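In: Next input, structure requested:
(one chain, ligands or ions: 2)
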Amino acid sequence: MSVLALVPAAGQGLRLAAGMAKALVHLGGVPLVVRAVDGLLASGVVSDVVVAVRHADLELARGLWPDGRVVVVIGGADRSSSVRAALEHGLRRRPDTSTVLVHDAARALTPPALVVRLVDAVAAGLPAVVPVLPLADTVKRVDGSGAVLVTVDRSVLRAVQTPQAFEVSVLRRAYDLADPADHTATDDAGLVERLGEPVHTVLGDPLAFKITTPWDLRVAELLVGAG
Ligand code: CTP
Ligand code: MG
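Out: Numbering: from 1, shown residues only. Ligands and ions are numbered 1, 2, ... in the order given. Below is the predicted model of the structure:
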């Protein structure tokens, strides 16, 4: 029984606009994907890690983990294709996998304690678990011109983070069922929801925020003391 972590890192990073894949951008001298993987391994509950990167970044990324503890594969054109590639590779390598974590490389500062909470929840019998935070801002629905249609009840809404944790057969069925050409699910739990399987939530962590824009990278630099 082992815990397999998949790290999609094959995005372009268009919103960060650093002129390179976001996962390879340095934060305090360490690439974001290395920080994300270090957080997973530091949890002590992850047995194997598969990282999916762009084809162009394959050699560079393999050089980040010369000891082979972390396997690097080529990702796809969208996030779910990257996760699918990593999942197939990871399960071939570790057929005894019991739990799969999927974690964005861009959530570089995710605390190991959050990883433990998620793995524990699956070990306790939940098929799918995601970390969430309540929304601080008021939320409104608007029309195409930006005019407000309605104020949404934010008390029933949650912002969803990663790692997302799954009992292996549930994630496998979700990806088997998903149409590879359908890009409407923005997270893995979204595919599990389509199976009709329950998805549970645990409290996330502000440090698991996704580094998306230059502002986020600036905040991250300040947080690691590299500001
Ligand atoms: N990702 C991936 N393969 C893709 C697209 C995204 O593995 N084809 C990964 C990213 O590398 C990132 C995570 O999915 O770790 C979340 O995606 P996002 O924050 O949107 O990253 P990018 O797609 O790189 O950024 P952008 O959308 O601004 O281009
Ligand atoms: Mg993207």
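In: which one in the chain is furthest away from the centre?
Out: For the chain, the residue at maximal distance from the C-alpha centroid (C-alpha atoms, centre = their mean) is residue 147, at 32.9 Å.
In: What does the pLDDT read for that residue?
Out: According to the prediction, residue 147 has pLDDT 98.
In: Can you tell me the closest non-neighbouring residue to residue 135?
Out: Nearest non-adjacent residue to residue 135, counting by C-beta to C-beta, 6 or more residues apart in numbering: residue 154, 4.7 Å away. Any C-beta I mention is one placed from the backbone N, CA and C, and that applies to glycine too.
In: Contacts only, for that neighbour.
Out: Counting by C-beta atoms under 8 Å, 6 or more residues apart in numbering, residue 154 makes contact with 134, 135, 137, 138, 139.
In: How much space separates the third one from residue 151?
Out: Counting by C-beta to C-beta, to the nearest Å, the separation of residue 137 from residue 151 is 11 Å.
In: And these two? Which one has more around it.
Out: Using other C-beta atoms under 10 Å as the criterion, residue 137 and residue 151 rank with residue 151 on top: 10 against 6.
In: how about the more buried one, secondary structure?
Out: In the three-state summary, residue 151 is assigned as strand, counting by DSSP: H, G, I helix; E, B strand; the rest coil.
In: residues contacting it?
Out: Contacts of residue 151 by C-beta under 8 Å, 6+ apart are 138, 139, 140, 141.
In: Bridge partners for it, pull those for me.
Out: residue 140 (DSSP bridges).
In: And the pLDDT for it?
Out: 98.
In: tell me the mean pLDDT for stretch 122-130?
Out: For stretch 122-130, mean pLDDT is 98.
In: Could you pull out the buried residues of that stretch?
Out: The neighbour-count check on stretch 122-130 (16 or more other C-beta atoms under 10 Å) flags 122, 126, 127, 128, 129, 130 as buried.
In: So which bits of the protein are right by ligand 1?
Out: Within the chain, the positions near ligand 1 by C-beta under 6 Å from any ligand atom are 8-15, 22-23, 52, 75-79, 82, 104-106, 210, 212.
In: Now render the contacts of residue 154 as CSV, adding pLDDT, distance to residue 92 and secondary structure.
Out: Formatted as CSV, the contacts of residue 154 follow (pLDDT from 0 to 100; distance: C-beta to C-beta, whole Å; DSSP: H, G, I helix; E, B strand; the rest coil):
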residue, pLDDT, distance to residue 92, secondary structure
134, 98, 39, strand
135, 98, 39, coil
137, 97, 43, coil
138, 97, 47, coil
139, 97, 42, strand
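In: of those residues, buried ones?
Out: Buried among the contacts of residue 154 (16+ other C-beta under 10 Å): none of them.
In: Of these, just say which sits nearest to residue 168.
Out: Nearest to residue 168, judged by C-beta to C-beta, of those is residue 134 at 29.8 Å.
In: where's that closest one relative to residue 160, distance?
Out: Residue 134 is 12 Å from residue 160, where distance means C-beta to C-beta.
In: same thing with residue 2?
Out: Counting by C-beta to C-beta, the gap from residue 2 to residue 160 is 25 Å.
In: Any buried residues in the helix ranked longest in the chain, and which?
Out: Counting residues, the longest helix found in the chain (DSSP state H) is helix 79-93. Neighbour-count burial for helix 79-93, counted by 16+ other C-beta under 10 Å, picks out 79, 80, 81, 82, 83, 84, 85, 86, 87, 89, 90, 91.
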